[in-house]
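In: okay, structure incoming, though there's no sequence with it:
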């Protein structure tokens, strides 16, 4: 992440169009905000890329069609519109002889509409390039759809079933349903060897002089009365969960969310009403901002009530929520002191390093992919300042389980299930 995949790919496109004469029209598929703000703007920063032309397939259907038929070297479209685009060509030949998927890991689900749509037109595409800083966020089980788009099943098998059969064994099952898989012995090496000729992996620290990175874990304490409420709440929810026959990812995630909400300071009830429990993380957040002495701070929130409570508590700082191009530009221009963003919407591809060097994780995430990608918005090539990543961790709560998993770079589902099962064992003793 942050090593320069964008400019590297644009340089390759430039050579393929104008030097080798091998391609004419390129389609780049990316997250919506990256489509709008990153690729065309990046080309302007490099002398050898300034004459590349772009057409952004965004907006209403009429606007998208106009952009699709405009003359350009490179066409940009959000991944949410790729099924619409492929449908325009009936799953047949498209006018693009090269496709680039920025954040290829967003195609990791073989059941998704975006994967199915791209799979239909893939045989007519001459060149395919996938870019991602997190290719296997939940383990190598995620790799098959991404590599299939690269080579149409040549290396890892034509189907997900054959891929699983060759490299994995069921880890958690219920009847005929398999909830998770584990790698077979030596399977990781076999997979890596199989794809080595078409994949390259590079780490920024091996090639760039990166600024210092400080990861700061701020341990917060609940007052004894509230801590007892948390413990009682956790026990009650755990015992409710154990009454079910199977502990799976879905019900474990539901319980995990409840516990993390309490740690953050509020809880949703069954009707989505918000009940505040404490303001400890909000007070800690204010201290961080005061100590920063005017430096810009990017805050990661987890639940909507987190966002609403933070905006209200920090109103004196005129906080902004990252919503669009204007927010990104004004952040990078240093006009925003406090900006809020959800990791799922600001976790891939955005260049925010010019606007600040401090991140605060108000609400933690189990997703290693979102965690790494969000941090890479500031800790990336072009960052000139020391980067500090603060984590607000409520002592003796589910926060500590998430931090442990992130530190160990554990995979989402395995760590989540292990954490919940450990709690069940504790209360059943």
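Out: That came through fine. Since the model is a prediction, treat every value here as computed from it, not as a measurement.

In: and residue 51, which of the three is it?
Out: Taken by DSSP: H, G, I helix; E, B strand; the rest coil, the conformation at residue 51 corresponds to coil.

In: burial count for residue 355?
Out: For residue 355, the tally of surrounding residues (other C-beta atoms under 10 Å) stands at 22. Every residue, glycine included, has its C-beta placed from N, CA and C.

In: residues in contact with it?
Out: By C-beta atoms under 8 Å, 6 or more residues apart in numbering, the residues touching residue 355 are 296, 298, 331-334, 336, 339.

In: among the residues you listed, which pair sits farthest apart?
Out: 298 and 333 (14.6 Å; C-beta to C-beta).

In: separation between residue 20 and residue 97?
Out: 12 Å (C-beta to C-beta, to the nearest Å).

In: the more surrounded of these two?
Out: residue 97 (17 against 9).

In: where exactly do the strands run in the stretch 51-200 of the chain?
Out: Under the criterion DSSP state E, counting those that start in this stretch, strands of the stretch 51-200 of the chain are mapped to 54-57, 74-78, 98-102, 127-131, 168-174, 177-183.

In: adding mean pLDDT, mean neighbour count and distance to residue 159, write these out as CSV.
Out: Shown next, in CSV, are the strands of the stretch 51-200 of the chain (pLDDT from 0 to 100; neighbours: other C-beta atoms under 10 Å; distance: least, C-beta to C-beta, whole Å):
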stretch, mean pLDDT, mean neighbour count, distance to residue 159
strand 54-57, 96, 20, 31
strand 74-78, 96, 22, 27
strand 98-102, 96, 23, 21
strand 127-131, 96, 18, 19
strand 168-174, 84, 14, 13
strand 177-183, 84, 15, 15
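
In: nearest to residue 45, out of those?
Out: Among the strands of the stretch 51-200 of the chain, the nearest to residue 45 by C-beta to C-beta is strand 54-57 (13.7 Å).

In: and that closest one, what does it pack against?
Out: helix 39-44, helix 61-69, strand 74-78 (3 or more C-beta pairs under 8 Å, 6 or more residues apart in numbering; DSSP states H and E).

In: residues of the strand or helix carrying residue 251 that come out buried?
Out: For residue 251, the host element (DSSP states H and E) is helix 249-264. Buried residues in helix 249-264, counted by 16 or more other C-beta atoms under 10 Å: 249, 252-253, 255-264.

In: looking at those, which is nearest residue 127?
Out: Taking C-beta to C-beta as the measure, residue 127 lies nearest residue 249 of those, at 36.7 Å.

In: tell me the pLDDT of that closest one.
Out: pLDDT recorded at residue 249 is 58.

In: follow-up on the earlier one: with respect to burial, which of the helices and strands packed on strand 54-57 scores highest?
Out: Comparing the helices and strands packed on strand 54-57 on average neighbours per residue, with mean count of other C-beta atoms under 10 Å, the densest one is strand 74-78 at a mean of 22.

In: need the residues that contact that one.
Out: 13, 25-32, 35, 39-40, 52-58, 64, 67-68, 85, 96.

In: now that strand, how far from the chain's geometric center?
Out: The chain centre lies 20 Å from the centre of strand 74-78; the measure is C-alpha atoms, centre = their mean, to the nearest Å.

In: can you list the strands that that strand pairs with?
Out: When pairing is defined by DSSP bridges, strand 74-78 lines up against strand 26-30 (parallel), strand 54-57 (parallel).

In: so what touches the shortest one?
Out: So the one you mean is strand 54-57. With C-beta under 8 Å, 6+ apart, strand 54-57 has contacts from 35-36, 39-40, 43, 64, 67-68, 70-77, 81, 85.

In: same deal with the longest one?
Out: Residues lying outside strand 26-30 but in contact with it, judged by C-beta under 8 Å, 6+ apart, are 13, 17, 35, 38-39, 73-79, 82, 85, 94, 96-103, 118, 349.

In: now the helix or strand just after that strand: average pLDDT?
Out: Following the chain from strand 26-30 toward its C-terminal end, the next helix or strand by DSSP H and E is helix 32-37. The pLDDT scores in helix 32-37 average 82.

In: shaky segments in this structure?
Out: Filtered on pLDDT under 70, the chain yields the residue ranges 1-2, 137, 204, 242-250, 347-349, 410-414, 428-429.

In: state which helix of it is the longest.
Out: Using DSSP state H to define each element, the chain has its longest helix at helix 224-242.

In: and the angle for that one with helix 249-264?
Out: Here the directions of helix 224-242 and helix 249-264 differ by 170 degrees (axes from the mean of the first three to the mean of the last three C-alpha atoms, to 10 degrees).

In: next one: helix 224-242 to chain centre, how far?
Out: So, by C-alpha atoms, centre = their mean, the centroid of helix 224-242 is 31 Å from its chain's centroid.

In: go on, stretch 402-412?
Out: 15 Å.

In: try stretch 404-420
Out: 16 Å.

In: and the contacts of that stretch?
Out: Residues from elsewhere that reach stretch 404-420 (C-beta under 8 Å, 6+ apart): 137-139, 171-172, 179-180, 238, 241, 247-249, 252-253, 255-256, 364, 366-369, 371, 398, 401.

In: now with 6 Å?
Out: The set of residues external to stretch 404-420 that reach it, using C-beta atoms under 6 Å, 6 or more residues apart in numbering, is 138-139, 180, 249, 252, 256, 366-367, 371, 401.

In: same question for stretch 311-326.
Out: 36-37, 282, 327, 336-341, 346.

In: and for the residue nearest to residue 80 when sequence neighbours are not counted, the neighbour number?
Out: Leaving out its chain neighbours, the residue that sits closest to residue 80 by C-beta to C-beta, 6 or more residues apart in numbering is residue 32, at 6.4 Å. The burial count assigned to residue 32 is 15, neighbours taken as other C-beta under 10 Å.

In: done for today, thanks.
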